[in-house]
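Participant: Sequence unavailable; structure follows:
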């Protein structure tokens, strides 16, 4: 049996010494190899993170079976809504889901998806939760973060256990935005997302009310909304 430290050292040295030869790509998810510093450059991708809030409080206050069913219901709903809007699920990470949208109207797709998740959470999951467990001391709440940027997609891991890593500001910002939501808003987006939205994702209701509120995060201007969209 070989020395594990030697194997790890060799792998790290190989990765850090190889030259990157990224290829421009269009398909999502892209076809990326594992054995070299292979990468796909995507010109513009919308990244969406949907994060279930206070999952620690949920598992501390609810029976394990009930917590598991809430996890499954929320993440399954998010996955179906992402697929219905033409997005691709890139990761299920505990109590959150990451998805990417690459079509021409990707910003609208991601925002509609976020607002549909808000509908499902407030109008479907929570009412049924109260029906199944009337005394449950928990209400499903979530936050969705969305940003757009260029992305470099590479494959990480080892043979038989690997996944894609999405490198770009959109992935980081969307993940950070999904940690917000202290004021009852469920969708947070960056200005570049807002500027690309069509009117249907900016104005809602019979009176065409503006659906977004400007605020700041970490010294940056962002926009938030509590609107929902019927799937």
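Facilitator: Received it, and whenever you're ready, just let me know what you need. Everything quoted here is computed from the prediction, not taken from an experiment. Numbers count the residues shown, from 1 in each chain.
Participant: contacts and neighbour counts: CA atoms only from here.
Facilitator: Will do.
Participant: is it true that residue 229 lies in a strand?
Facilitator: No: using DSSP: H, G, I helix; E, B strand; the rest coil, the secondary structure at residue 229 is coil, not a strand.
Participant: just the strands in the protein please.
Facilitator: 23-24, 40-52, 88-93, 96-101, 142-158, 161-167, 187-189, 203-204, 209-210, 213-217, 220-225 (DSSP state E).
Participant: Dead centre of this structure: give me the residue that sits there.
Facilitator: For the chain, the residue nearest the mean C-alpha position is residue 49 (1.8 Å; C-alpha atoms, centre = their mean).
Participant: That residue bridge partners, please.
Facilitator: Listed beta-bridge partners, residue 49: residue 98, residue 145 (assigned using DSSP bridges).
Participant: Ranking helices and strands of the protein by mean pLDDT, which lands last?
Facilitator: Scoring the helices and strands of the chain by mean pLDDT, DSSP states H and E places strand 23-24 at the bottom, with a mean of 59.
Participant: Please report the residue range of the longest helix in the chain.
Facilitator: Counting by DSSP state H, the longest helix found in the chain is helix 64-84.
Participant: what comes into contact with that one?
Facilitator: The contact list for helix 64-84, computed with C-alpha atoms under 8 Å, 6 or more residues apart in numbering, reads 50, 52, 58-59, 88-89, 92, 95-97, 99, 110, 113, 116-117, 120-121, 125, 140, 231.
Participant: That helix to strand 88-93, inter-axis angle?
Facilitator: Calculated by axes from the mean of the first three to the mean of the last three C-alpha atoms, to 10 degrees, helix 64-84 forms an angle of 160 degrees with strand 88-93.
Participant: returning to that earlier point: out of the strands of the chain, indicate the one that is most buried.
Facilitator: Highest mean neighbour count of the strands of the chain: strand 187-189, a mean of 29 (counted as mean count of other C-alpha atoms under 10 Å).
Participant: Okay, now the sheet partners of that strand, with direction.
Facilitator: Within its sheet, strand 187-189 is paired with strand 142-158 (parallel), strand 220-225 (antiparallel), according to DSSP bridges.
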